[in-house]
Structures are given as C-alpha cells and as structure tokens.
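Visitor: Give me a model of this one.
(chains A and B)
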Amino acid sequence: MGTGHVHDFNALVAPSGLFWTKAIPIESVSIDLGGVRASWRLTNFPVPDFLPGVVDLPATVSMDIEWSGRTADTKIGDFVAGFAGEYHECGATTTWSAQEPGFSFLSTATTVRRFAEIGRERNGRFFQESD
Amino acid sequence: MEILDHPSATMIADRAWAHRLSRRQLLRGAVGATAGGAVLGSGLLAAPPVFAHEGGSTVEPVPIPKGDGGTHHFFPGRGKEVSTITDFNGFVGIAQLIGTGTAPDSTPLNFSIDNRFLLGEYVGVDGALHRGAFGVF
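Guide: As a prediction, the model looks like this:
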C-alpha cells in the first residue's frame, strides 16, 4: 500500500438508494436509554471493502462500539427532513477489526470521538402521525 | 469504516480526502445506476439486498427521501437525522470515531468510522409493518 491508500468497508448503496444500510441481528444491539448506555457488537459480519479503483472485495468486520457518558441532551423536530427525536449525545469507543484475503486490520483501544449519540427517532409516517 | 496507512501530521488532510473520495465514488455509482442502468464498474450492482436476521424482519426498508450530497443519508452531527430508512420508529445510535490500528505486519494505520444502528419498527417496501435492526456501515 502506498501513502493514502484507503480501505473502505461499507454496505454499498442499494438500487433503491438505501445508503450503506444492512440488516443486522437484533441481539447485536443493547441499549439502556435512561442510563445513557448502549453497545453494538458484531463478529465476522460480512461488509465488503470498497477499494478505490477496484471492485468491492468480500470482507468481514468485527466491532464492539460502546456508548456512555452523557454530554448533552437534544430534542429535534425537523419538518423539512421529516423526522423527530430525542437524543443523548455521549462518549463512544470502539474496537474494530476487518479481514479479507491479503489484508487485515485491528484497531487499538484508543479512539477519538467526533460525534456520538443514542436516542429515539421517528420519521416518515411515524413522524406525520405524532408530530 | 475507512483505513488510511501511515499516521502522520497530514492525517487530517488525508482523512478528509479519503472521505470525499469514497463518497464521491459511491455517488458516481448511484448516478450510473439511475441514469445508465448498466454502466457500472463499481460494486453497486453487487449491492446485496437486505437480509433476514434472527429476530428481525426479512423485508427491505425504504430509504429516507432526503440526505446530504444527493444521497439518502445525512452526515453525522447535532440535529441531523441518524436513520437512513424512512417510516421508522425506534432506537438509534451513531458513532463517528477516529483512531489507529495495525496491519498484521505491524504497519501503523489510521481508521475512521461512521457506524450507526437502527432498532425498532419500520414499514417495508411491501407496505407492512415490521420489526428489525439495521446497521449503517
């Protein structure tokens, strides 16, 4: 790899426009909104590596994202985008790894939070019905 | 999740470039799918349908109608919609993080993630109500 070479693990864009979104096991998520804690853990979950200039490569990722430590509370009602929600901005950390033929990656425990939150959100017809 | 090799003082600039690059490529692919149908060299044609999972619905959700940069998703930030699927009611979490890691040969690498979970009820492409969980990678 040369400097700046990128591995980009993402769930691609479906023909419908569904963006980077893929079904996950419900049991992989745990959330305690009142306690402002959540976790999301996946092991060897298939997410392709979209390398620049290369067709996406089959790959798997493992991740453990932990949210905790409330920093702010927000309540949003956006009639332009059409959604509403109540959120707790908070800290988050992750351990993240990826594997594919010829390459693997393992994160260290050190991460820097740029933005993180957990909350409840509703949109579409759920927004129209309640807001 | 993106990985960039060689942590350095230029990491932030490089990271910004990497972020734009990957999204631009995806956008280019999406436009191709809409306008040309078959003009796709990227992985877009290989984009998998949404799969069934234990305890979750098998039915594909509908993308949100709006988004940043012509996509059907919003960048992370206060006041931004987390969900990428519409007709959704449930719990969400988003983590936009950066950090470091290594390859098997101990090469130092930087990484950046914008990962999200969506857990709750949604109306699928079949018009029916479902319960499920989705990850945004």
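Visitor: Which is the succeeding secondary structure element to the helix or strand harbouring A:Ala98?
Guide: Using DSSP states H and E, A:Ala98 sits within strand A:83-100. Next along the chain after strand A:83-100, taking DSSP H and E as the criterion, comes strand A:103-123.
Visitor: The helix or strand just after that next one near chain B at all?
Guide: Moving toward the C-terminus from strand A:103-123, the first helix or strand encountered (DSSP H and E) is helix A:124-130. Yes. Applying Cβ under 8 Å from any Cβ of the partner chain, one finds helix A:124-130 in contact with chain B at A:Gly124, A:Arg125, A:Phe126. (Each C-beta comes from the backbone N, C-alpha and C, glycine too.)
Visitor: From the contact counts, what lies against the strand holding A:Ala98?
Guide: When contacts are defined as 3 or more Cβ pairs under 8 Å, 6 or more residues apart in numbering or on different chains; DSSP states H and E, strand A:83-100 packs onto strand A:60-78, strand A:103-123, helix A:124-130, strand B:88-102, strand B:108-123.
Visitor: Go through the ones you listed and find the least confident stretch.
Guide: Comparing mean pLDDT across the helices and strands packed on strand A:83-100, the weakest is helix A:124-130, with a mean of 80.
Visitor: List of residues touching that helix?
Guide: A:Gly82, A:Phe83, A:Ala84, A:Arg122, B:Val62, B:Ile64, B:Thr86, B:Asp87, B:Phe88, B:Asn89, B:Glu121, B:Val123 (Cβ atoms under 8 Å, 6 or more residues apart in numbering or on different chains).
Visitor: Any idea how many residues pack against the fourth one?
Guide: If I follow you right, that is A:Arg122. 24 (other Cβ atoms under 10 Å in any protein chain shown).
Visitor: between the contacts of helix A:124-130, which has the most around it?
Guide: Highest neighbour count within the contacts of helix A:124-130, by other Cβ under 10 Å: B:Phe88, with 29 neighbours.
Visitor: Quick check: the closest residue to that residue other than its chain neighbours vs B:Val92, distance?
Guide: Among residues not flanking B:Phe88 along the chain, B:Tyr122 sits closest, at 4.5 Å (Cβ to Cβ, 6 or more residues apart in numbering or on different chains). If you measure B:Tyr122 against B:Val92 using Cβ to Cβ, to the nearest Å, the figure is 12 Å.
Visitor: Same check on B:Pro104?
Guide: 34 Å.
Visitor: Those two: which is more packed in?
Guide: Neighbours were tallied for B:Pro104 and for B:Val92 using other Cβ under 10 Å; the higher tally belongs to B:Val92 (26 against 10).
Visitor: Could you find the closest non-adjacent residue to that one?
Guide: B:Val92 sits nearest to B:Val82 (Cβ to Cβ, 6+ apart), 4.1 Å away.
Visitor: B:Lys80 now?
Guide: B:Phe74 is the one closest to B:Lys80 (Cβ to Cβ, 6+ apart), at 4.4 Å.
Visitor: The one you found belongs to a helix?
Guide: No. Assessed with DSSP: H, G, I helix; E, B strand; the rest coil, B:Phe74 is coil; it does not lie in a helix.
Visitor: Could I get the contacting residues of it?
Guide: A:Ala81, B:Lys66, B:Gly67, B:Asp68, B:Lys80, B:Glu81, B:Val82.
Visitor: Also B:Gly120?
Guide: Residues in contact with B:Gly120 (Cβ under 8 Å, 6+ apart) are B:Phe88, B:Asn89, B:Gly90, B:Phe91, B:Arg131, B:Gly132.
Visitor: List just the nearest of those residues to chain A.
Guide: Closest approach to chain A among those (Cβ to the nearest Cβ): B:Asn89, at 4.0 Å.
Visitor: Surely that closest one and A:Arg122 touch.
Guide: Yes. If you go by Cβ atoms under 8 Å, B:Asn89 and A:Arg122 touch, sitting 4.3 Å apart.
Visitor: And the helices in chain B?
Guide: Remark: helices assigned in chain B by DSSP state H are B:11-35.
Visitor: Find me whatever residue is spatially closest to residue 116, sequence neighbours aside.
Guide: I went with chain A, as the question did not name one. A:Ala92 (3.6 Å).
Visitor: Wait, chain B was what I had in mind.
Guide: B:Val136 (3.9 Å).
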